[in-house]
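>>> With the input below, show me the fold.
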Amino acid sequence: MHGFPYDVRAYDEVARRLDANVLVSYLRGFGATRFLDQQALRSGQQAALAQDLRDFMDALEIDQAVVGGYDWGGRAACLVSALWPERVRGLVTVDGYNVQLIAYANEPAPPPRRPYRRVAPHYGPYSGDRVRGRRGSRRAA
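Coordinates of the predicted model:
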């Protein structure tokens, strides 16, 4: 699956090179997607994206597949793999936040276990001016 804000054309070049049947679905809200139920929640939440990928597989009667994606599409592929492992033969994903524990999204990760004591300077370049980075810098100082 493609990432935000891209589309299925991102896979054209790689799909031609694979010796496989490649099916690429649009993420909800992209391309010609539409909601069949007018009451359906319009959401980009990770669980919704994963359910969409599973529904895509169900609609095409695909019992098992190698799933893949990047950015939001990678998140959907990772979550389908985690929630319904019996449906996944393999996983190909690119990006760094594929499965997120939302309750702790604004909490900094613990500092690495290294022989140095000061880790505050290491938070800044990667977190910029984000809440999570500022919290991590304060805790490490």
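>>> can you pull the contacts of the spatially most central residue of the chain?
For the chain, the residue nearest the mean C-alpha position is Arg75 (1.7 Å; C-alpha atoms, centre = their mean). Residues in contact with Arg75 (C-beta atoms under 8 Å, 6 or more residues apart in numbering) are 46, 49-50, 69, 95, 97-100. For the C-beta atoms, the positions are set from N, CA and C on the backbone; glycine is no exception.
>>> Now do the SS call for it.
Classification of Arg75 using DSSP: H, G, I helix; E, B strand; the rest coil returns helix.
>>> Check Val92 too.
strand.
>>> and the nearest residue to Val8 once chain neighbours are set aside, how many residues sit next to it?
Residue nearest to Val8 in three dimensions, not counting chain neighbours: Val24, with 4.3 Å by C-beta to C-beta, 6 or more residues apart in numbering. By other C-beta atoms under 10 Å, the residues close to Val24 number 17.
>>> ok, Gly29 - how many residues close by?
Under the neighbour criterion other C-beta under 10 Å, Gly29 is assigned a count of 13.
>>> Can you read off the pLDDT for the residue nearest to the centre of the chain?
With respect to pLDDT, Arg75 scores 91.
>>> Ok, Arg135 next?
68.
>>> Send over stretch 31-47 as CSV, restricted to the C-alpha atoms.
Extracted in CSV, the C-alpha atoms of stretch 31-47 (Å, rounded to 0.1, in the frame of the first residue of the first chain):
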residue,chain,number,x,y,z
GLY,A,31,-7.9,7.8,-5.8
ALA,A,32,-11.4,6.8,-6.6
THR,A,33,-12.1,5.4,-3.1
ARG,A,34,-15.5,6.0,-1.6
PHE,A,35,-17.4,4.8,1.5
LEU,A,36,-20.2,2.4,0.8
ASP,A,37,-21.9,3.3,4.1
GLN,A,38,-22.5,7.0,4.5
GLN,A,39,-22.3,6.5,8.3
ALA,A,40,-18.8,5.0,8.1
LEU,A,41,-16.2,6.9,10.2
ARG,A,42,-13.8,8.8,8.0
SER,A,43,-10.6,7.9,9.7
GLY,A,44,-6.9,7.4,8.9
GLN,A,45,-6.3,5.6,12.2
GLN,A,46,-4.0,2.6,12.0
ALA,A,47,-6.7,0.1,12.9
